[in-house]
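Chemist: model this:
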Amino acid sequence: MRLFRCRRTYGSCFLGAALAACAHKAPPQAPIAPVATAPRPPAEDAIPKRIAEADAHLAKGLEQAKEGHLNSAREEFDRAVDLYLTAPGGAHSDPRLSDAYRRTLDAVQAREMEALAAGDGFRETPAEVASIDAVADLLVAEEPASEETRAKAQEVVQAEGNDFPVELNDAVLRCIDLYQGRLSEWFQSALTRGQRYMPLIREVFAEEGIPQDLAYLALVESAFKPAAYSRAKAKGVWQFISSTGREYGLQQDWWVDERSDTEKATRAAARYLRKLYDRFGDWNLAMAAYNAGPGVVQRGIKRYKTRDYWRLRKTRALRRETKNYVPLIHAAVVVANAPEQYGFEVVPHLGPAHESGPVEGAVDLRVIAECLETPVADIQALNPELRRLATPANRTFHLRVPAGKGEALGPCVTSIPPEKRVRFRTHVVARGQTFGSIARANGVRVRALADANNMSLKRLLAIGTELIIPIDPRTKPAPPRRRAQAPKRVVSEKGARVTYRVKPGDTLGAIASQYGATVREIQSWNGLRGTRIAAGNFLTIYTSR
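Modeler: Model (predicted):
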């Protein structure tokens, strides 16, 4: 019995030590013959396997997040974190586990911050630089072009034919040299991108009686980028300024900007070009007026007594941009109609097939993408007129989705619970309130408030009107909490002070979003220098709610 207790105390792996200890307390006994035992196999190290499994969930979560599937991403992140928290002894029981756990939390935190920056449908999608800003101000050489350039261009024009008279003067030929030289990469990219839109543009121009080769006006304006935005605040493939866009029926509000809808903007551009041609009777003057404005061209004609664009180009009537603009379009027509002869390779591309369906009210595009099992980037690319990551809150929007997904769109949207749709504050107008007073009280711009509700600032607000408050998602109210779970709150000069206990898997980004604060504020309030937080620690948070 004494031997059994010793074995229990020291463990069977230390049999020799146990016998020695027992022998020192027990009377001498007859020697015991050693018993031959097979060596125990070393215990399998389960830690690398656990880390690899967690890494697999993390990688899958990051991939889901990249495609905009935020709910699936969070589920994968939770699985990765849980593998560390449920390890024998906890996430910090082994240095390898501890390091991998911190690495995972850092990756999740970084992705949470990216999602926070993207917002819940309210932050405007970024624009791209319009090529007109970079191309039309270039210095175009005025000296005569080479005979080789001239002969090649003449051959191309004779062989290909054009539906409007292409000029092959020195200015145009020098622009052809530019496309083959310093602008070759830009031109290749623009020409390739344009293949997606050229069939549509040619069809619309044919219907509106516009020379189809003038489609390359869009190449010079925007390089065929729907999100292009210029110094002059023009937007879209056809670079409409706000007023001209509205004049030709392109809706612009806080939710959408149809200047980026290629089909609608193309029809608007065709009507505008037709109007300019009817006014000036010349396509070169019409193109110049498209760029500089009809008033500028009209004043130049009156002052210099000429209706010949090429003569007007040599005067001070036009800015350098407009002087370059028309030659660049003529040169683009020549090169684009025979790209192989100029060293460019163009593969026809019709763009992705799509279907559409109605979506009522504001719904997060990322939630729709997840429901349809398609990347959110694909939905954004099909709907470039959407300024936010959401459909408009104040009307029905016909959303384009990849082919084969149209039938599922309706049931998907219907099945989305309210808490997963785009969330925003609302405000019911009380007596005496104005756009200005409501905007100041909620920390938003007056114009943003009016635009989000599709209202004019001149409109008097009726008592009881419910308004959408377009706020940054970092200042959104947290969902209501059960009283038993609510952290301790103390009112101070900064507002309500919350003492929050960090839970396993918490990140500063998620906590900041929950309480309408920023990560930097929480760091400042708690003297934190980094973003790592440990479960069980307490954070002080100030919130106005």
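Chemist: Find the residue closest to P392 in space, skipping its chain neighbours.
Modeler: Once flanking residues are discounted, P392 sits nearest to W255: 3.7 Å by Cβ to Cβ, 6 or more residues apart in numbering. C-beta: built from backbone N, CA, C; applies to glycine.
Chemist: show me the contacts for that neighbour.
Modeler: Contact analysis of W255 by Cβ atoms under 8 Å, 6 or more residues apart in numbering lists L386, R387, R388, A390, T391, P392, A393, N394, A452, N454.
Chemist: quick one, helices of the stretch 1-150 of the chain?
Modeler: With DSSP state H, counting those that start in this stretch as the criterion, the stretch 1-150 of the chain has helices at 2-10, 15-23, 47-66, 70-85, 95-118, 131-135, 147-160.
Chemist: residues of the fourth one that come out buried?
Modeler: Right, the one you point to is helix 70-85. L70, S72, A73, R74, E76, F77, R79, A80, V81, L83, Y84 (16 or more other Cβ atoms under 10 Å).
Chemist: go on, the shortest one?
Modeler: In terms of neighbour count (16+ other Cβ under 10 Å), helix 131-135 has its buried residues at S131, I132, D133, V135.
Chemist: Contacts for it, please.
Modeler: Applying Cβ under 8 Å, 6+ apart, the contact partners of helix 131-135 are 183, 186, 190, 219-223, 225, 228, 230-231, 234, 239, 291, 321, 324-325, 328.
Chemist: Quick one: buried ones out of those?
Modeler: 183, 186, 190, 219-223, 225, 228, 230, 234, 239, 291, 321, 324-325, 328.
Chemist: Measure how buried V347 is and give me the count.
Modeler: 6 (other Cβ atoms under 10 Å).
Chemist: In terms of helices and strands, where is it?
Modeler: Secondary-structure assignment from DSSP states H and E places V347 in no helical or strand segment.
Chemist: Please name the residues that touch it.
Modeler: Counting by Cβ under 8 Å, 6+ apart, V347 touches T192, Q195.
Chemist: and it, how far is that from L191?
Modeler: Shown here: V347 relative to L191, a distance of 10 Å by Cβ to Cβ, to the nearest Å.
Chemist: Equivalent analysis for A52, please.
Modeler: Counting by Cβ to Cβ, the gap from A52 to L191 is 46 Å.
Chemist: Could you do V220 as well?
Modeler: 12 Å.
Chemist: tell me the contacts of D261?
Modeler: P226, G236, L250, P384, E385.
Chemist: which one of these has the most neighbours?
Modeler: Busiest of the contacts of D261 [other Cβ under 10 Å] is G236, holding 32 neighbours.
Chemist: and which of the buried residues of helix 70-85 is nearest Y304?
Modeler: Closest approach between the buried residues of helix 70-85 and Y304, by Cβ to Cβ: L70, at 60.0 Å.
Chemist: so G406 sits right up against G357, yeah?
Modeler: Yes - under the criterion of Cβ atoms under 8 Å, G406 makes contact with G357 at 5.4 Å.
Chemist: got any ranges where the stretch 101-250 of the chain has weak pLDDT?
Modeler: 109-126, 136-137, 139, 141 (pLDDT under 70).
Chemist: can you pull out the strands in it?
Modeler: 128-129, 228-229 (DSSP state E, counting those that start in this stretch).
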